[in-house]
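K.L.:
Pasted the sequence and its predicted model underneath.
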Amino acid sequence: MLIDKIYFTSSIAESHLRLDSLLRQRFPKYSRSYFQFLIKQGYVLINGKSVKKREKLQPGDIIEVSFQVTPEIDLTPEPIDLEILYEDEHLIVINKPVGMVVYPAPGHYRGTFVNALLFHCKQIDSDDPLRPGIVHRLDKDTSGLLIAAKTRIAHTGLTDLFAKRKIEKIYLAICIGTPTEGLIDAPIARHPSRRKEMTVCMQGRASKTICRVLAQNGSLSLVKLKLLTGRTHQLRVHLKHIGTPILGDETYGNAAINKKFSTKRQLLHAYFINFFHPITQQILSLTASIPEDLRKVIELVDPQREKKSI
């Protein structure tokens with residue numbers, strides 16, 4: 001099914017790129033595997049002709065992309081339980097469990113938040129047939145607060161709030177060692193060779209996090225993290241950058257220490273959000289309960305934590 005058709009001209013700066021890499025950079029909300037599917041099926045043309053994914057671009061090439069819904073991603077509604085923290089006719093906020101993928105993608109075609117959302121809401125009024133209602137995401141193994149829009153006007157309003165950084169977001173994490181408190185100001189870009197990873201580099205996009213240590217026991221720390229920007233993997237990359245990676249992080253963490261504490265995922269939790277409802281202008285301040293695996297490590301770091309406020 002055709003979603004949209006877009007034409008553009010390649011630039012001199014893009015002439016060294018493979019076609020699938022160029023498309024991924026131009027349209028970052030889609031994966032490279034998605035574009036490889038489009039190219040293989042003949043939905044991407046260069047100067048009116050079908051090409052292979054490894055095709056190198058020349059300056060001035062005219063590229064035509066016919067965005068399609070892939071056969072696997074049929075967005076079947078599924079009766080999956082959701083822990084709903086707030087809901088009205090415009091939007092919904094849930095506490096996403098560990099292990100839930102936000103939207104269908106290669107390797108995760110079922111059991112996602114979108115599948116659950118479509119069953120719960122019956123219908124989402126959205127311009128995006130691949131990711132209806134989605135305005136932001138959490139990594140599969142990051143738990144906590146996730147917002148979705150039910151209508152186009154709510155989607156536009158929430159997207160604008162995120163873009164203007166008007167949604168306050170607080171995370172809790174367990175990190176290895178004890179980080180220096182204060183502002184982490186380190187630009188982030190995609191890793192030059194490991195394309196699924198992000199890294200700190202001077203050519204990256206401005207990325208800022210405020211870090212506060214709530215407790216520490218010499219080997220681990222419970223930290224409170226405030227996002228001032230919203231880059232991919234930002235908190236995980238920033239904590240690695242300052243030498244105190246998140247416990248359990250298989251990509252950016254310490255494998256030996258992860259194994260020592262038998263952690264199965266990065267211990268990162270989207271704990272608190274605060275924002276003005278984009279339609280009603282009501283202030284929404286919501287907190288997500290802490291999952292059991294994170295709670296156990298918090299008790300190890302700070303046995304008296306339940307008697308203290310975050």
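P.N.:
Yes, it's here.

K.L.:
CA only for contacts and neighbour counts going forward, please
P.N.:
OK.

K.L.:
Need the residues that contact stretch 215-233.
P.N.:
Identification of contacts with stretch 215-233 by CA atoms under 8 Å, 6 or more residues apart in numbering yields 139, 165, 168-179, 188, 198, 206-214, 235, 298, 301-302.

K.L.:
Just the buried residues of those residues.
P.N.:
168-179, 188, 198, 206-214, 235, 298, 301-302 (16 or more other CA atoms under 10 Å).

K.L.:
Those in strands, which ones?
P.N.:
Judged by DSSP state E, the buried ones among the contacts of stretch 215-233 include 168-176, 188, 198, 208-214 as members of strands.

K.L.:
Sort out which residues of the helix of greatest length in the chain are buried, please.
P.N.:
In the chain, ranked by residue count with DSSP state H as the criterion, the top helix is helix 152-163. Neighbour-count burial for helix 152-163 flags R152, A154, H155, G157, L158, T159, L161, F162 (criterion: 16+ other CA under 10 Å).

K.L.:
now those as CSV including distance to L22 and pLDDT?
P.N.:
Shown next, in CSV, are the buried residues of helix 152-163 (distance: CA to CA, whole Å; pLDDT from 0 to 100):
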residue, distance to L22, pLDDT
R152, 29, 94
A154, 31, 97
H155, 27, 95
G157, 30, 97
L158, 28, 97
T159, 25, 94
L161, 29, 97
F162, 26, 95
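
K.L.:
of the residues you listed, closest to G60?
P.N.:
Of all the buried residues of helix 152-163, T159 has the smallest distance to G60: 32.5 Å, by CA to CA.

K.L.:
Can you tell me the element A116 falls in?
P.N.:
helix 113-121 (DSSP states H and E).

K.L.:
Actually, Y7.
P.N.:
Using DSSP H and E, Y7 falls within strand 2-9.

K.L.:
that older thread, convert the C-alpha atoms of the helix holding A116 to CSV, please.
P.N.:
What follows is helix 113-121, C-alpha atoms only, in CSV (Å, rounded to 0.1, in the frame of the first residue of the first chain):
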residue,chain,number,x,y,z
PHE,A,113,3.0,-0.8,22.1
VAL,A,114,1.3,0.2,18.8
ASN,A,115,-0.4,-3.2,18.5
ALA,A,116,-1.7,-2.8,22.1
LEU,A,117,-2.7,0.9,21.5
LEU,A,118,-4.7,0.0,18.4
PHE,A,119,-6.6,-2.6,20.3
HIS,A,120,-7.2,-0.4,23.3
CYS,A,121,-8.3,2.7,21.3
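
K.L.:
got the angle between the helix or strand just after it and helix 152-163?
P.N.:
Heading C-terminal from helix 113-121, the first helix or strand you meet, by DSSP H and E, is strand 143-149. With axes from the mean of the first three to the mean of the last three CA atoms, to 10 degrees defining the directions, strand 143-149 sits at 130 degrees from helix 152-163.

K.L.:
got the buried residues for strand 143-149?
P.N.:
Neighbour-count burial for strand 143-149, with 16+ other CA under 10 Å as criterion, is recorded at S143, G144, L145, L146, I147, A148, A149.
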